[in-house]
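Visitor: Got a predicted structure here, sequence first:
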Amino acid sequence: MILEIVSPEAKLFSGEVTSVTLPGVNGSFQILNHHAPIVSILEEGTIKIAAPSFSFSKEAADKFTRVNDQTYTLEIKSGTIEMKNNKIIVLVD
């Protein structure tokens, strides 16, 4: 599935991922390939991204924390997420 993470300043990430864990208002939740369509509000917390490989722009690289070769995290203050047609768009602040 495709993940795009966008902030008011720039596109932070765009690429193929295997899973994404997000800090929802009612608790953390995970999205896997072919997840049902969803729209949700995110609260302050950590987005965990699992992917076979990562490529970040120079501006965005310092915002992500490497857990291992296939997992990175991103701290957010708030946001929204939409999953539709196997594409996830996350707007973060």
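Guide: Arrived safely, thanks for sending.
Visitor: Would you state the strands of the chain in chain order?
Guide: For the chain, strands defined by DSSP state E occupy the ranges 2-6, 11-16, 19-24, 27-32, 38-42, 45-50, 64-68, 71-76, 79-84, 87-92.
Visitor: and the helix or strand of the chain with the lowest mean pLDDT, which residues are buried?
Guide: Here the helix or strand of the chain ranked lowest by mean pLDDT, DSSP states H and E is helix 58-61, holding a mean of 84. Applying a neighbour-count criterion of 16 or more other CB atoms under 10 Å, one finds Ala60 buried in helix 58-61. Using the backbone N, CA and C atoms, a C-beta is placed for each residue, glycine as well.
Visitor: one step back: dump the strands of the chain into TSV; add distance to Ser57 and mean neighbour count as well.
Guide: Below are the strands of the chain laid out as TSV (distance: least, CB to CB, whole Å; neighbours: other CB atoms under 10 Å):
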stretch	distance to Ser57	mean neighbour count
strand 2-6	11	18
strand 11-16	8	16
strand 19-24	19	19
strand 27-32	23	13
strand 38-42	22	15
strand 45-50	15	19
strand 64-68	11	12
strand 71-76	13	18
strand 79-84	19	17
strand 87-92	15	18
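Visitor: Report all helices and strands that the least confident helix or strand of the chain contacts.
Guide: Helix 58-61 sits against strand 11-16, with contacts defined as 3 or more CB pairs under 8 Å, 6 or more residues apart in numbering; DSSP states H and E.
Visitor: Could you tell me the angle between the strand it packs on and strand 87-92?
Guide: Following axes from the mean of the first three to the mean of the last three CA atoms, to 10 degrees, one obtains 160 degrees for the angle between strand 11-16 and strand 87-92.
Visitor: Good, we can wrap up now.
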